[in-house]
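Peer 1: Sequence first, predicted coordinates after that:
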Amino acid sequence: MKKYIYFVAVYLRLSRDDEDIDGSTKSESNSISSQRELIRSYVREHEDMELYDIYVDDGYSGTNFDRPEFKRMMADIEAGNVNCVIVKDLSRLGRDYIEAGRLIQKTFPAFHVRFIAVTDHFDSQTADMNTKSLVLPVKNFINDSYCRDISGKVKSHQRTKREQGKFIGAFAVYGYRKSAEDKYKLCPDDYAAEIVRKIFAWKREGMSTQAIAQRLNELGILSPLEYKKSLGEKFSTGFRTNLMAKWSAVAVKRILTNEIYTGVMVQGKCEKVNYKVNKTVAKPQEEWVRVEGTHEAIISNEDFEIVQNLLKVDTKAKAGSSCSHLFSGLLFCGDCKEPMTRRVNRYKDISKVYFICSTRNRGKGCTRHSILEDELKEIVFQTLQVHVSVFLDVCSQLEHIQEMEVNFEEVARFDKEIERLHKEQDKYMKLRAGMYEDLKSGLITETDFRNFRAIYEKQYEETKDALQKQEEMIKQLFRNGVASGVRLERFKEVMKLTTLDRDTLLCFVSRIEVFEEKKVYVEFRGKEEFHKMLVLQEYSLSKAAKRV
């Protein structure tokens, strides 16, 4: 009688599922080499077995079956080349108990394939009904549960590290490198950090993200991907489109919007759907883990804020220029609040530059709000100097502020905003208290009571937070001193200027609105801090008057 021969497919798999949570070395018992020798020895002991091929998926999770070598093995099974599959244990085939059970109990039998898991002592040829229907599903379920448990522990471990401000990414963001002493800490990469500073500076000058990308490419500066490759890092990304990755507007904007450059560690922006699906989804911003002061800042908070505001508005450069005009991103119509449009009127050899409302320019209502660029420059510059002059005068009167014994309840009496917020709090307290009487008297239902109580409690908490912010602003001025808190030296420099430039404009002005009859409203940065300084000035003068 002719002996039946089994043509064996040896399947080996190893992934991070088999590591410890902290990423320590894979156990030797599960190593590819160990699996290979174990199964080869098993095949040699059985005369009815011939090795057909070895299939190795090294670095692939067992939670799904989207693995290249597994697919190749299945193709050989379907082609009739393989009629026996041997693995070290059931978990090597897979950790999804539903799919693993389907393979072992349906797919393999359908192709007359014998399945053997050596260390689990399972052989589909000799296993009885009890083993197939009870023991096998339980073992597969345990393997699946193990993977789910490990996934949960890894997520918890990563969450703890994020909340501690530790960087847990595989690669540092462009502009930084991992510290040699502490792999969880970021340090500035001198070369790349300087490129990041240039990108922010060019954006402040009025360049578009596309113009910045073009300049970087023209200067021969390596893109983040190519720079990492030049350092020998095995880095890959889905953003790559060419053999030699170039700078793009998207890459530039990604840098301009990354708060990590201000010394703030922001992580946990996305997460895997679950441990079985190798797909990530974006998380809402309020769920991101944000820890301040974890590493050295490359960009100041002020510069970062300015750039974020510029990115919200159109800052297209004029034709033939890489930079937009002086007021780009800052100038708006006072009535419809739409950006103003810059126009050049040429007659013979004379050119006049002026701004008009973009809504009117499109023929969709509003009025022209026309103003010459030179007139606008003069108005804004004079307004800025008046503002700075008042500011410096207040600063000089508050030089002694840190030495004062401050009663914040007394200060609050001079602060109209704090007074208003206190009244708001009292109002919500009274409304909330009055609801109990309304409920007892039957004026409102219990459902209305719960709904209104939730509304009033929310409004009360919002007012409480606003109050804390206002009081903290005053305390900050006392702690750091007025001069350091409001960049006194930068203000002094403005008084020496003879003309307005974009850097000064962006540093001090957040918005300019133009009304009809050339009326201009200038909104300054740090206006809340300035208001608090005026409150402190009034408080200081009252204290001085009492001493007299």
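Peer 2: Yep, it's here.
Peer 1: Name the next helix or strand downstream of the helix or strand of the chain with the lowest mean pLDDT, please.
Peer 2: In the chain, the helix or strand scored least confidently by mean pLDDT, DSSP states H and E is helix 482-485, which has a mean of 50. With elements assigned by DSSP states H and E, the helix or strand that comes after helix 482-485 is helix 488-494.
Peer 1: Could I get the average pLDDT for that next one?
Peer 2: What helix 488-494 shows for mean pLDDT is 74.
Peer 1: Which secondary structure elements does it sit against?
Peer 2: Counting by 3 or more Cβ pairs under 8 Å, 6 or more residues apart in numbering; DSSP states H and E, the packing neighbours recorded for helix 488-494 are helix 373-397, helix 502-508. All C-beta spots, glycine's among them, are computed from the backbone N, C-alpha and C.
Peer 1: buried set for the first one?
Peer 2: Neighbour counts using 16 or more other Cβ atoms under 10 Å place 373, 376, 379-381, 383-384, 387-388, 391-392, 394-395, 397 of helix 373-397 among the buried residues.
Peer 1: now the last one
Peer 2: When neighbours are counted by 16+ other Cβ under 10 Å, the buried residues of helix 502-508 are found to be 502, 504, 505, 506, 507, 508.
Peer 1: out of those, which one sits closest to residue 301?
Peer 2: residue 507 (12.7 Å; Cβ to Cβ).
Peer 1: I'd say that closest one and residue 302 touch.
Peer 2: Yes: the criterion here is Cβ atoms under 8 Å, and residue 507 meets it with residue 302 at 7.3 Å.
Peer 1: could you pull out the helices for the stretch 1-150 of the chain?
Peer 2: Using DSSP state H, counting those that start in this stretch, the helices of the stretch 1-150 of the chain run over 32-44, 68-78, 90-93, 97-102, 108-110, 129-130, 136-163.
Peer 1: Residue 281 belongs to a strand?
Peer 2: Yes: the assignment for residue 281 is a strand, going by DSSP: H, G, I helix; E, B strand; the rest coil.
Peer 1: Tell me how far it lies from residue 270.
Peer 2: 6 Å (Cβ to Cβ, to the nearest Å).
Peer 1: Show me what the longest helix along the chain is packed up against.
Peer 2: The longest helix of the chain (DSSP state H) is helix 446-480. Counting contacts by 3+ Cβ pairs under 8 Å, 6+ apart, helix 446-480 is packed against helix 408-414, helix 416-441, helix 527-547.
Peer 1: and the direction of that helix versus that of helix 416-441, what angle?
Peer 2: Following axes from the mean of the first three to the mean of the last three Cα atoms, to 10 degrees, one obtains 160 degrees for the angle between helix 446-480 and helix 416-441.
Peer 1: Give me the distance from helix 446-480 to the chain's centre.
Peer 2: 27 Å (Cα atoms, centre = their mean, to the nearest Å).
Peer 1: mean confidence for it?
Peer 2: Rounded mean pLDDT across helix 446-480 is 78.
Peer 1: The closest residue to residue 452 other than its chain neighbours and residue 366, how far apart?
Peer 2: Sequence neighbours aside, residue 435 is the residue nearest to residue 452 in space, at 5.9 Å (criterion: Cβ to Cβ, 6 or more residues apart in numbering). Look at residue 435 and residue 366: by Cβ to Cβ, they are 45 Å apart.
Peer 1: Kindly report the same for residue 348.
Peer 2: With Cβ to Cβ as the criterion, residue 348 and residue 366 are 31 Å apart.
Peer 1: More neighbours: these two, which one.
Peer 2: residue 366 (18 against 5; other Cβ atoms under 10 Å).
Peer 1: can you tell which of the helices and strands packed on helix 488-494 is closest to residue 213?
Peer 2: helix 502-508 (20.5 Å).
Peer 1: roughly how far is the closest one from the heart of the chain?
Peer 2: Distance, centroid of helix 502-508 to centroid of chain: 27 Å (Cα atoms, centre = their mean).
Peer 1: now swap in stretch 198-211 and tell me
Peer 2: 21 Å.
Peer 1: So what touches that stretch?
Peer 2: For stretch 198-211, the surrounding residues in contact (Cβ atoms under 8 Å, 6 or more residues apart in numbering) are 212, 215-216, 249-250, 252-253, 255-256, 261, 299, 303-304, 306-307, 310-311, 315-317, 322-326, 328-329, 502-503, 506.
Peer 1: circling back to that earlier point, identify, from the buried residues of helix 502-508, the entry nearest to residue 431.
Peer 2: residue 508 (41.2 Å).
Peer 1: burial measure for residue 469, as a count.
Peer 2: Considering only other Cβ under 10 Å, residue 469 is surrounded by 12 other residues.
Peer 1: That should have said residue 301, apologies.
Peer 2: Count around residue 301 with other Cβ under 10 Å applied: 13.
Peer 1: Report the separation between the closest residue in space to it that isn't next to it in sequence and residue 176.
Peer 2: Nearest non-adjacent residue to residue 301, counting by Cβ to Cβ, 6+ apart: residue 262, 5.3 Å away. Separation of residue 262 from residue 176 (Cβ to Cβ): 12 Å.
Peer 1: try residue 367
Peer 2: 50 Å.
Peer 1: neighbour count winner among those two?
Peer 2: Neighbour count, other Cβ under 10 Å: between residue 367 and residue 176, residue 176 has more, with 22 against 14.
Peer 1: List the contacts of that one.
Peer 2: Contacts of residue 176 (Cβ under 8 Å, 6+ apart): 186, 187, 188, 189, 192, 193, 260, 295, 298.
Peer 1: Just the buried ones out of those, please.
Peer 2: Buried among the contacts of residue 176 by 16+ other Cβ under 10 Å: 186, 187, 188, 189, 192, 193, 260, 295, 298.
Peer 1: you'd agree the fifth one is up against residue 227?
Peer 2: Yes: with contact taken as Cβ under 8 Å, residue 192 and residue 227 are classed as touching, separated by 6.4 Å.
Peer 1: For the nearest residue to residue 292 once chain neighbours are set aside, give me its contacts.
Peer 2: Counting by Cβ to Cβ, 6+ apart, residue 264 is the residue found nearest to residue 292 once chain neighbours are left out, at 5.1 Å. Contacts for residue 264 (Cβ under 8 Å, 6+ apart) come out as 290, 291, 292, 293, 294.
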